[in-house]
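Engineer: could you look at this predicted model? Sequence included:
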2 protein chains.
Amino acid sequence: MAIQKPTRKEQQHLQSFYMLAMEEDSSQLAKPETPHNMEAKADEEERDPESNSLCQPLLKRNTTLSSTPLALVGAKVSHIESLDYEINENDLFKHDWRSRSKLQVWQYIFLKWVLAFLVGLLTGLTATLINLAIENIAGYKLLAIISFIKEGRYISGLVFFTGVNFLLTLVAAVLCVCFAPTAAGPGVPEIKAYLNGVDTPNMFGATTLLVKIVGNIGAVSAGLDLGKEGPLVHIGSCIAALLGQGGPDNHRLKWQWIRYFNNDRDRRDIITTGSSSGVCAAFRAPVGGVLFALEEVATWWRSSLLWRTFFSTAVVVVVLRAFIEICNSGKCGLFGTGGLIMFDVSDVKVSYHPMDVIPVIIIGIIGGLLGSLYNHGLHMVLRLYSLINQKGKLHKLVLALTVSLFTSVCQYCLPFLAQCRACDPSFSEACPTNDRFGNFKQFNCPDGYYNDLATLLLTTNDDAVRNIFSTNTSSEFQPTSILIFFALYCILGLITLGIAVPSGLFLPIILMGSSYGRLLGMAMGSYTNLDQGLYAVLGAASLMAGSMRMTVSICVIFLELTNNLLLLPITMIVLLIAKTVADTFNTSIYEIILELKSLPFLDANPEPWMRNLTVGELADAKPPVVTLCGVEKVSRIVDVLKNTTHNAFPIVDQGVLVPGSVATEATELHGLILRAHLVQALKKKWFLLEKRRTEEWEVRQKFNWVELAERELKIEQVAVTLDEMEMYVDLHPLTNTTPYTVVESMSVAKAMILFRQVGQRHLLIVPKYQGAGVPSVVGILTRQDLRAYNILTAFPHLARSKGEEKDS
Amino acid sequence: MAIQKPTRKEQQHLQSFYMLAMEEDSSQLAKPETPHNMEAKADEEERDPESNSLCQPLLKRNTTLSSTPLALVGAKVSHIESLDYEINENDLFKHDWRSRSKLQVWQYIFLKWVLAFLVGLLTGLTATLINLAIENIAGYKLLAIISFIKEGRYISGLVFFTGVNFLLTLVAAVLCVCFAPTAAGPGVPEIKAYLNGVDTPNMFGATTLLVKIVGNIGAVSAGLDLGKEGPLVHIGSCIAALLGQGGPDNHRLKWQWIRYFNNDRDRRDIITTGSSSGVCAAFRAPVGGVLFALEEVATWWRSSLLWRTFFSTAVVVVVLRAFIEICNSGKCGLFGTGGLIMFDVSDVKVSYHPMDVIPVIIIGIIGGLLGSLYNHGLHMVLRLYSLINQKGKLHKLVLALTVSLFTSVCQYCLPFLAQCRACDPSFSEACPTNDRFGNFKQFNCPDGYYNDLATLLLTTNDDAVRNIFSTNTSSEFQPTSILIFFALYCILGLITLGIAVPSGLFLPIILMGSSYGRLLGMAMGSYTNLDQGLYAVLGAASLMAGSMRMTVSICVIFLELTNNLLLLPITMIVLLIAKTVADTFNTSIYEIILELKSLPFLDANPEPWMRNLTVGELADAKPPVVTLCGVEKVSRIVDVLKNTTHNAFPIVDQGVLVPGSVATEATELHGLILRAHLVQALKKKWFLLEKRRTEEWEVRQKFNWVELAERELKIEQVAVTLDEMEMYVDLHPLTNTTPYTVVESMSVAKAMILFRQVGQRHLLIVPKYQGAGVPSVVGILTRQDLRAYNILTAFPHLARSKGEEKDS
């Protein structure tokens, strides 16, 4: 077997290679903003001596733990941030929480459901629009080709076919390259990262949405080997994100109701809803959509979210169903007839003979091997493409157009290789057909004969799948035709995903898998009595499991695609075998893409060696934590904000009397304050002339929760006069008094589980010692600190012990 | 509308009423063991003065926060404990973790899969056995009745019918009452509580399993209004638990491999697998089974568990499928023919007219109302029954037998009320039928006529559902017959669940719901063109959603039951409407049973007022925490173990030098030690003559991880001599050094989320102050402390503010 598994070390090498390439490429972003550079600079500046005596100084120290939050998104290096999924319980929040009237609570709940409804409705409408556009554009194109062929004008046909596809690809690629680089590719890995807490920039904008819709129509109509499934997931998420924030970035609704949703937590929920609506719209599979979001995309899940997600997929299905009803009456141009079931195979009688177990196992094993091989190949190709794509916009365009040309030429010319076959009078369908549909395309054959390869290649991808899945058709396709088809789509599946157009992963895998399955069925010949269409379905399922490594959701999606419940037991066995086999070689395709894009995704399971390291040791390897006092001098705040990139600072009060004791003086950990709130305090000039605690009403006059939810403001936009620099700010009311904490003796493994389970951005480390002179906070952990790669860079001996474990 | 919603206060009143009743009933359990009584007693005894000076004294103080862990399980008061789902990272564990060879890791993973396979296999076999037994017993019984009727011996038929049912119920009830009281009822709420971390005693024993199997066969064959679904979930879980621990309590396998699973964490996973296998076996619904476990039963979920659960349901389906194949060849006696689909309605053509939306909405709304009404009624009946059941075994038996008599008499006599209907020659089936099956039972009618009510009542529950679901049969049933059936099963559904036999909730609800749906379909008459069988399916779904409040899992279960994918969109709408309507009135039936049994289930969502209370305030209301020193005197350990019921104690070292500082003396929070490990240390006589820290090798000679996993040992079983009392124990190596902690300023709401999300048993509260004289630990939170009811008892003003919120 030629499968070569890239070791973890190789992958890391690769990753660091990318990071280097990126940093060179965008040095204006990368270098000056790394935290320790910042702090080194900070030290050169003069600081207020008093603040230093009160709180910890910003010591100059070498950091060994990298925390540069850079990632490659849409082949562009971006500065990424984490999301705040935790509830920021400061005094203002608590007051707002207490004072929310019953009406407001109901408004909020009602709006949640309205949003879920709108997400479903709009995703359903968009999916219908995309389907209509693709079927019509591709349909008229194919009809034109058929008439060229009929007239014997083969060369003109080739030129026309290639030209139209070239133009369609050009439109898609230009849009992607010039207006929304993040719209390229499937988008599912980025959404997965977002729901894990990684804020990839420009993912959910209005431009991205539009480019994704138009680009996807172009790319799919151009006959490229890609589907509309991944893009629809992204489209659903974009629609959800835009609805949640009340419109595009610059033209947001200022409506108070919408403002309730101006926080990362609610945005996460609504994007989850959007992603499952997208899957549902792509496969007309409502339960499969919910499960896909649950199994693959989402990191956090609550049962109330399950319910709301289910509601929005129900809306999508009703919308789709209504449009299918309308289209069945012929008002949608070339949009095909058909019901909710995309690839109906419900007429196959499944009989379970013990003999049938063997081919089922073989399908699973080979599917798993092929899946992991595909992942490996795709990984290589994407590495190469990313080097090409980095060279500039023109390179991206040329790459996309080359792939389009290659695809068109192959699709047009290969059918000439196939032998014409005589129509069998026992066929139930018309034969030969010159329509878009039907299993028996005449193409270049004489009357009474058909070209089986043209049936598969000169059609839309959806129809090709339908034809391969078609049951009781064992004599219709020749093995060589299916073999040519399989070989072509293996190549196309590898070279198409990385180009700069919106592309989905599902359909290429289904095309490859179904042809492989059918081929296997032919090879089994008379050995089994399973239908060849069934083999195709199982082959597609096995390759999906082998590449994407999902189980329950693929199973349900296939159930909803094929409408044959009796297939369920064998589908389950195939999926389990394929996933098990593939898992021994490499990780799922989404994880590979996440790693290639260097998105700091946090895995569910900590590495075993993380149990041997404490968070205290981790904190020691980082620069010391920067703390602020409860009532802090303005100059110190400005200083800290300008010279660090940290997004939160612990608030520690000195010399506090412990309640209950007479004269015990102690330091008090008051909580954690966000950078955004510090900037807000400066902008609002929430300054005090003397050092004192404020009352709640004073704060409430100055701030409201709507303003505190804004995160956009930068410290550079705030002007502070020299006089004001000497004043004080009472940070207590703005401080989140309930940050999650871990004791320094906690193992990194358990801290990571906590971090991920409760959706954190900053995790405070408190000392295990209690006494005078012990600091209140030992460190802060962020997402970057908990990533295996970063920890191993700082603690090479762990990598060594890990290596030993592997070798032993 | 006559729906009366029990307010929270009423429910609490009820609950406290039960608690009182219990305490009176079992005063030997309840009173002497409440913690504050214990500590009061402890204070009266003499204690070593040194240990007091070293560590905190056991102060006498009034506790205001109740933490009596008592619950009503199987109508018996039990002392319940929480489970330890957290990994106990002590030195021994860490050493074991480091030293586990690759082979052992593989053994562990392999065994996990083998166990999942065995769970599926055995659950599948047991389900087949139960099905075979029920179908044959009930079948021969019904055939005998038919021959009595045929001969006109109506009274003898009644006596025979009632007598057989009486005997069958007697067997089931005697077994339940005498051998395994926990086998009564559905068992799903207890499993739900177990997976939430509540260890209900005697739930998963071998006796329980046997009684559940035999009792369920008896009860279902007796024609009682209950199903085998809930019991099968319990049976699956029992099988899983027994496999995981290597056999029944007294005859466990001592095999090393099995010992890996001797911890609460792995047991939780395997029981989750078992519960979904049970649902799968009950409904022949593999995906539905997985989703049921995910949506309703499990509290924690990981994607790897999803996969393993899916594997075991796949095994169940294959086993079922194989047996169906065998039975179809006639080797199973009266076991019916038929495939994997229980209630196939795939031949209905679903056409969506806008007019059909209105009946669908009406079904949903009325289903929701009926569901919440049913929950309310069941709540009342269960309260009453629990009073009767508490009076003794004889009362329990009499109650069960009375219900059986009532059911039998009604089932036999009511068909005489129905009018005989003439057979229509256009019927496709034979008419009239005298067999067990068929829609047209002759019963007391002349030839050429049939009794439609006998078709529904004198058959097994499964066949009754099949008959009501039957499609294209709009003229076969008379409205009065369906009405009588509906009214009867409403009454039976209320009075049957609480009796002392293994009973399921699904089937009664499906019976009630399907007849309500069909009735509604008849009432709609010619208004819609939906089939009446379809109305029955939708009615059943709406009542399930209205009573159990699940959505996705019911939807998939119904999909797998009826094999009609086109029903999906309308089923979804019905489910959503029914759940929404019902949720406005009361909670789900499982939550009602959990509350009645006073199981300390932790909800996913904290109450809003929990944000206004900090864990520090909660800790103040509890007795002060009992801490131990790292090297502790034996006498003090014995003292603490004998006089408290706490299951874990923080280890705090005094006068430790802080690393990095020169002369800072501090106290150090070393971790948390479990009661079981303290007892082990005493039993193993792990004593030191002087006060010193030990080396790792010393400990490892004395203990291994297998022994540390044992939790059964009691302090009363350990004898310590007076000499030994003066010696020391080094607790450091046995201490879990990485307990989760919260700062005292944390809000209860967030602490509860943490507690639930990471599966805790003890959550340490550390102070927010840092200084000399500040204690290292402020308190410990357990499951009981975080329950809303207990907090409200200790802080009545929160209840008041809550009430005001409600009123305003």
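Structural biologist: That came in fine, so what should we check first? Predicted model only: the values in this text are computed from it and were never measured.

Engineer: skip ahead from the one helix or strand residue A:380 maps to and say which helix or strand is next.
Structural biologist: Taking DSSP states H and E as the criterion, residue A:380 maps to helix A:357-390. Per DSSP H and E, the first helix or strand lying C-terminal to helix A:357-390 is helix A:393-413.

Engineer: would you confirm that residue A:745 contacts residue B:738?
Structural biologist: Yes: with contact defined as Cβ atoms under 8 Å, residue A:745 reaches residue B:738; the gap is 6.2 Å. Just so you know, the C-beta spots here come from the backbone N, C-alpha and C atoms, and that holds for glycine as well.

Engineer: quickly list what's touching both of the two.
Structural biologist: A:614, B:671 (Cβ atoms under 8 Å, 6 or more residues apart in numbering or on different chains).

Engineer: with neighbour numbers in mind, choose between those two.
Structural biologist: Just comparing residue A:745 and residue B:738: by other Cβ atoms under 10 Å in any protein chain shown the higher neighbour count belongs to residue B:738, 27 against 20.

Engineer: I'd assumed residue A:748 was in contact with the more buried one.
Structural biologist: No: Residue B:738 lies out of contact with residue A:748 (Cβ under 8 Å); the separation is 9.9 Å.

Engineer: gap between the closest residue to residue A:518 other than its chain neighbours and chain B?
Structural biologist: Residue nearest to residue A:518 in three dimensions, not counting chain neighbours: residue A:536, with 4.3 Å by Cβ to Cβ, 6 or more residues apart in numbering or on different chains. With distances taken as Cβ to the nearest Cβ, to the nearest Å, residue A:536 is found 20 Å from chain B.

Engineer: residue A:536 is in contact with residue A:469, isn't it?
Structural biologist: Yes: the pair residue A:536 and residue A:469 qualifies as a contact (Cβ under 8 Å) at a distance of 5.2 Å.

Engineer: what sits in contact with each of the two?
Structural biologist: Common neighbours of residue A:536 and residue A:469 (Cβ under 8 Å, 6+ apart) are residue A:514.

Engineer: those two: which has the busier surroundings?
Structural biologist: residue A:536 (30 against 26).

Engineer: tell me which element that one falls in.
Structural biologist: Assigned by DSSP H and E, residue A:536 falls in helix A:532-548.

Engineer: I'd like the next helix or strand past that helix.
Structural biologist: Using DSSP H and E, the first helix or strand after helix A:532-548 is helix A:552-562.

Engineer: biggest helix in chain A, by residue count?
Structural biologist: Counting by DSSP state H, the longest helix found in chain A is helix A:102-150.

Engineer: is that helix anywhere near chain B?
Structural biologist: Yes: counting by Cβ under 8 Å from any Cβ of the partner chain, chain B is contacted by helix A:102-150 at residue A:102.

Engineer: okay, the angle between that helix and helix A:393-413?
Structural biologist: 50 degrees (axes from the mean of the first three to the mean of the last three Cα atoms, to 10 degrees).

Engineer: tell me the backbone dihedrals of residue A:200, please.
Structural biologist: Main-chain torsions, residue A:200, degrees, to the nearest 10: phi -80, psi 130.

Engineer: sorry, back to before: which residues do residue B:738 and residue A:748 both contact?
Structural biologist: residue A:614.

Engineer: got the contact list for the residue in the stretch 551-700 of chain A that chain B sits nearest to?
Structural biologist: Closest residue of the stretch 551-700 of chain A to chain B, Cβ to the nearest Cβ: residue A:666 (2.8 Å). Residue A:666 sits next to A:655, A:656, A:657, A:658, A:772, B:769, B:770, B:771, B:772, B:774 when contact means Cβ under 8 Å, 6+ apart.
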